[in-house]
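Novice: Please find the sequence and the predicted model below.
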Amino acid sequence: MKLQMICAALAVGLLSSHAFARDTVANYSIQSALKSEDGKVDQGIALYFAGQTHPGVAKSFGEFATNKKTNAFGKSDEAACQHVFLSAVLEMQERVRKEGGDAVINITSNYRNVERESATEFTCGAGAMVAGVALKGEVVTLKK
């Protein structure tokens, strides 16, 4: 009887781990995410996603990457992805301040090291517990 209970507990544990192992990779609107939590993004630091035209570059500080995760429990994939996207953008903006620049250009999604260029969408992976976004872009000072 005790062995049956142990086997049953192990089976439930294995089955439930598969349910939590979901990892749905999808693309979401950059503009919707930027507007989802108004006031978070520093409007004084320009963001130019891949393919968007921008003023000339006066100085480049190099390419930087971010890989952010957030708690997705009890949230829709879109809500969790928007939140973690903003977190990644804020980290990039913090890098701009640290380096002394004023913009990030050529921002691309880089989820699981798969680069995706889009001026309108970002890539996010969402599971039952965690959502993640990876971005990379070039920190610069733009010509005035």
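Specialist: Done, it's in.

Novice: surely Lys143 meets Lys59?
Specialist: No - using Cβ atoms under 8 Å, Lys143 is not in contact with Lys59; the gap is 9.3 Å. Yep, even glycine has a C-beta here, placed from its N, CA and C like the rest.

Novice: who has more neighbours, the two?
Specialist: When neighbours are counted by other Cβ atoms under 10 Å, Lys143 and Lys59 differ, and Lys59 comes out ahead with 13 against 10.

Novice: Which other helices and strands does whichever helix in the chain runs longest contact?
Specialist: Ranked by residue count under DSSP state H, the longest helix found in the chain is helix 77-99. Counting contacts by 3 or more Cβ pairs under 8 Å, 6 or more residues apart in numbering; DSSP states H and E, helix 77-99 packs against strand 24-29, helix 30-36, strand 46-49, strand 57-71, strand 103-109, strand 121-126, strand 130-142.

Novice: which one of the ones you listed lies closest to Cys81?
Specialist: Closest approach to Cys81 among the helices and strands packed on helix 77-99 (Cβ to Cβ): strand 121-126, 3.6 Å.
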